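> no sequence on this one, just coordinates:
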């Protein structure tokens with residue numbers, strides 16, 4: 001699976017926030033949090049009033065929702081591959097590996113082979129739902145019912161939050177032509193899960 005965008009050093013369309021531009025509080029957070037130091041953190045932190053709440057939401061998606069973690073990650077992978085979000089793909093391929101998601105599943109998701117025998121019926125329903133949310137917006141009755149036999153109403157809403165979040169992140173990083181500066185995804189998520 002090759003990157004969808006060349007990862008050579010390029011200038012992003014939007015100049016990233018530098019430590020010299022930060023307030024003392026921002027600088028302290030920057031120095032303490034690895035995610036603040038990578039390019040996506042430096043891009044998103046330009047939205048000064050939105051970024052702190054977005055960080056809280058992303059941590060909640062990892063630590064507090066009732067969608068099973070592996071299924072959340074399968075939906076995330078499907079979303080970012082459908083959206084061709086190169087930066088997020090590089091991060092979440094590492095997250096998937098850390099979580100024990102097989103390379104066969106990642107490759108099937110990348111190729112949109114959601115009916116592949118490598119997936120369970122439940123996972124197939126999840127991936128079909130994800131594809132319709134991303135591609136069609138409106139989910140048809142059959143696809144909705146297939147997932148609703150496994151997910152309660154809270155999980156259906158949580159899952160749609162996850163899908164929408166990664167649709168937005170893929171658009172943000174591709175709009176900015178953000179340089180892929182390192183794959184810290186697994187390290188970062190592990191730290192959030194263990195409050196490090």
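It's in. For clarity, every value in this text was computed on a predicted model and none was experimentally measured. Residues are numbered from 1 along each chain as shown.
> Residue 122: which element?
Residue 122 belongs to helix 121-135 when assigned by DSSP states H and E.
> And the helices in this structure?
Counting by DSSP state H, the chain has helices at residues 24-32, 34-37, 39-44, 51-63, 69-83, 86-98, 103-110, 121-135, 141-148, 153-175, 185-193.
> between those helices, which gets nearest to residue 16?
helix 39-44 (3.9 Å; CB to CB). The way it works is simple: take the backbone N, C-alpha and C, and place the C-beta from them, glycine included.
> Scan the helices and strands of this structure for the one with the lowest mean pLDDT.
Between all helices and strands in the chain, the lowest mean by mean pLDDT, DSSP states H and E belongs to helix 185-193, at a mean of 55.
> Just want the angle from the helix holding residue 122 to helix 103-110.
Comparing the axes of helix 121-135 and helix 103-110 via axes from the mean of the first three to the mean of the last three CA atoms, to 10 degrees yields an angle of 30 degrees.
> Identify all contacting residues around helix 121-135.
Applying CB atoms under 8 Å, 6 or more residues apart in numbering, the set of residues contacting helix 121-135 from outside is 71, 74-75, 78-79, 82-83, 109, 112, 114-115, 119, 138-140, 143-144, 146-147, 149-150, 159-160, 163-164, 167.
> Pull out the buried members of those residues.
Buried by 16 or more other CB atoms under 10 Å: 71, 74-75, 78-79, 82-83, 109, 114, 119, 139, 143-144, 146-147, 150, 159, 163, 167, out of these.
> Appreciated, that's everything.
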